[in-house]
Structure formats: C-alpha cells, structure tokens
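[1] sequence below, structure please.
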Amino acid sequence: MKSPLLSLFLALLCAVAAGRAAEPKHLLLIGQGPDGHPIGTHEFMLGVQFIDKLLGPYKAQIQTTIVQADEPWPEGPELIDKADGVVFMVTQGAQWMQNDPRRFQAIQRLCARQGGLVGLHWSVGAKDEKYIDGQLALLGGTRGGTQRKYKVLESGVHLVEPAHPVLAGMKDFAINDEWYYHLDLQPATTPGFHPLFTVNIDDKDETVCWAWDRSDGGRSFGFVGLHFHKNWERIEYRRLVSQAILWSLKLPIPEGGLKDEQLPAP
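    The predicted structure follows:
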C-alpha cells in the first residue's frame with residue numbers, strides 16, 4: 001500500500017510531466033532582405049511571414065519567432081540556442097550557416113539536441129563549394145561549385161515515397177519553378193534518408209526534396225523550390241511546407257494529411 005507522501009510525490013511527477021508535454025515547441029523562422037532578384041522572387045521575409053500564418057492553427061503547439069537575419073546577425077546564436085527547430089529562407093544558405101563560426105556551432109548544437117532543421121530554396125547550397133560539407137552534414141543536401149545547376153521550367157513533380165508523413169494527402173502535380181539540381185545528397189544507403197520529390201530535367205530524374213531522420217535523433221528537411229512567391233498559392237506547396245515543419249518538430253500529421261481549410265492561401 002502506497003504511503004500518502006509517495007502518492008503525493010507521484011502525482012506531482014505526473015503533473016510536471018503533463019505540463020512539460022503541453023509546452024509549445026519554439027520555432028525560429030529566419031528570412032532575409034532583398035538579394036537583387038526581381039520582385040516576386042526570393043521574397044524571403046514575405047515567405048517566413050506567410051509560413052507563420054500557415055502555422056496559425058498550431059499556436060498552442062508551436063511558438064514562432066520571425067527574424068530578418070541579414071549579416072552580421074550577432075544575436076543569431078542565442079536565438080538558435082533557444083529554438084527547438086529552425087526554418088530558414090536565406091541567400092546562399094550553406095554559406096550563411098557558416099559565415100559566423102558561432103552561428104554554425106549553434107546550429108550544430110540544435111541538431112545535437114534533436115532539433116528540427118528546414119531549408120527552403122536558396123537556403124540549399126552556396127556558390128562556393130567549400131561550404132558543401134558543412135551543410136550536407138546537417139541538412140542532408142546542398143549544392144555549390146562548378147556542379148551548381150538550376151533551371152526555370154514547368155515540370156511534373158513525382159512523389160518518390162508517397163507514404164512518408166510529410167507527403168500525406170499529396171499526389172503528383174506539375175508546377176513552374178526554379179529547380180536546383182545535380183545536388184550533393186546523403187547517400188541513398190544513409191539510414192533515415194528519404195528522397196521525397198523528383199523532377200525530370202534533361203531526361204534525368206533529379207531529387208529536389210528530401211527528409212532525413214538524422215542519426216542524432218533530430219530531423220532535417222530540404223526543398224529547392226519556392227523561387228516564385230506566387231507559388232504559395234498552390235495547395236501542394238502549402239501542404240508540403242506545413243507538414244514538413246510539423247514532422248521536423250515531431251508533431252503529429254493526420255494520416256490523410258492536413259485538410260485544405262487548414263492551409264489558408266496568401
């Protein structure tokens with residue numbers, strides 16, 4: 001028979017555990033200002049602001065902070081250290097991650113504590129190949145150097161692993177976007193690495209989206225699309241990014257995917 005003190009202690013433990021379970025995840029939404037691209041493209045601050053709107057129904061589960069991380073961004077490491085996950089829409093993301101050693105160390109710490117990492121469009125890669133290894137190790141995919149290729153074209157998007165939770169409720173579709181291709185990716189044999197989308201470019205199926213259950217226990221997601229801000233009007237992109245963020249934070253995704261009414265248009 002349990003003593004009253006033991007019963008009280010166990011009840012307090014349960015209450016503390018329940019309180020912790022109810023604590024929202026802290027998500028850092030990182031954008032940047034204009035980078036010289038035409039209006040309507042590389043609208044990264046508008047992009048993260050729209051992602052915040054998409055996550056509106058999950059405010060009890062996800063607490064968001066939007067930042068404009070133009071260089072030198074000295075407060076970055078401290079903000080990253082407070083986050084459970086990061087979504088970044090920035091220019092030359094592989095270089096941006098490594099410009100400041102303190103920033104890169106903070107991202108490494110985020111991954112080490114099983115945090116989520118989501119990189120969109122020009123967040124994937126850099127012009128200089130010296131940044132490849134650093135981003136590849138954390139995000140799972142990148143591009144740089146002489147093999148850095150991209151094309152703007154209307155393309156059919158093929159779901160490689162439709163059973164993956166990020167792709168719940170999705171089917172193959174076609175869209176016009178700027179596609180980065182010939183990427184550096186984790187080998188297909190890497191445990192937990194899942195190519196999600198391919199597009200056919202120059203008669204070759206190129207991986208343009210992936211999800212990675214990292215060996216440290218965290219999750220990374222990369223997607224090279226979203227060059228055009230107007231593509232947020234597409235339900236496929238709204239569903240993909242919303243579900244990728246939920247997945248990266250280890251929050252549940254309905255078996256059939258989020259409903260259309262949960263994915264408001266811009």
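[2] hey, let's count contacts and neighbours off CA atoms from now on
    Noted.
[3] what helix or strand does the residue positioned nearest the centre of the chain sit in?
    Centroid-nearest residue in the chain: Val118, 1.7 Å away (criterion: CA atoms, centre = their mean). Val118 belongs to strand 116-120 when assigned by DSSP states H and E.
[4] and for Ala83?
    Following DSSP H and E, one finds Ala83 outside all helices and strands.
[5] ok, now how distant is Ala112 from Gln147?
    Distance, Ala112 to Gln147, using CA to CA, to the nearest Å: 30 Å.
[6] kindly format the C-alpha coordinates of stretch 213-221 as CSV.
    Presented in CSV, the C-alpha positions along stretch 213-221 are these (Å, rounded to 0.1, in the frame of the first residue of the first chain):
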residue,chain,number,x,y,z
ASP,A,213,15.8,11.3,-39.7
ARG,A,214,19.4,12.1,-38.6
SER,A,215,21.5,9.8,-36.6
ASP,A,216,21.5,12.3,-33.7
GLY,A,217,17.7,11.8,-33.3
GLY,A,218,16.7,15.1,-35.0
ARG,A,219,15.1,15.7,-38.4
SER,A,220,16.1,17.7,-41.4
PHE,A,221,14.0,18.7,-44.5
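[7] what residues sit buried inside that stretch?
    Asp213, Arg214, Gly218, Arg219, Ser220, Phe221 (16 or more other CA atoms under 10 Å).
[8] next one: stretch 250-261
    Ile253, Gly257, Leu258.
[9] got those residues as a markdown table, with pLDDT, distance to Leu153 and secondary structure columns?
    Listed next are the buried residues of stretch 250-261 as a markdown table, based on pLDDT from 0 to 100; distance: CA to CA, whole Å; DSSP: H, G, I helix; E, B strand; the rest coil:
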| residue | pLDDT | distance to Leu153 | secondary structure |
| --- | --- | --- | --- |
| Ile253 | 97 | 31 | coil |
| Gly257 | 97 | 28 | coil |
| Leu258 | 97 | 28 | coil |
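[10] can I get those in CSV including distance to Gln108?
    Formatted as CSV, those follow (distance: CA to CA, whole Å):
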residue, distance to Gln108
Ile253, 26
Gly257, 30
Leu258, 31
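[11] which residues in this structure form helices?
    Along the chain, the segments classed as helices by DSSP state H run 4-22, 44-54, 76-81, 93-98, 101-112, 132-139, 235-248.
[12] quick one: distance of the second one to the chain centre.
    Distance, stretch centre to chain centre, for helix 44-54: 13 Å (CA atoms, centre = their mean, to the nearest Å).
[13] helices or strands up against it?
    strand 25-31, strand 62-68, helix 235-248 (3 or more CA pairs under 8 Å, 6 or more residues apart in numbering; DSSP states H and E).
[14] surely Ala112 is in contact with Arg214?
    No - the pair Ala112 / Arg214 is not scored as a contact, 9.7 Å apart, by CA atoms under 8 Å.
[15] related to what we said a few turns ago, wait, what's in contact with the residue nearest to the centre of the chain?
    Gly85, Val86, Val87, Phe88, Leu139, Ser220, Phe221, Gly222, Ala244, Ile245, Ser248 (CA atoms under 8 Å, 6 or more residues apart in numbering).
[16] separation between it and Gly36?
    As judged by CA to CA, Val118 and Gly36 stand 23 Å apart.
[17] same question, His182
    Counting by CA to CA - His182 and Gly36 are separated by 24 Å.
[18] and if you look at Gly218?
    34 Å.
[19] pLDDT-wise, which helix or strand of the chain ranks last?
    helix 4-22 (a mean of 47; mean pLDDT, DSSP states H and E).
[20] out of the buried residues of stretch 213-221, who's nearest Phe173?
    For the buried residues of stretch 213-221, the closest approach to Phe173 (CA to CA) belongs to Phe221, at 19.8 Å.
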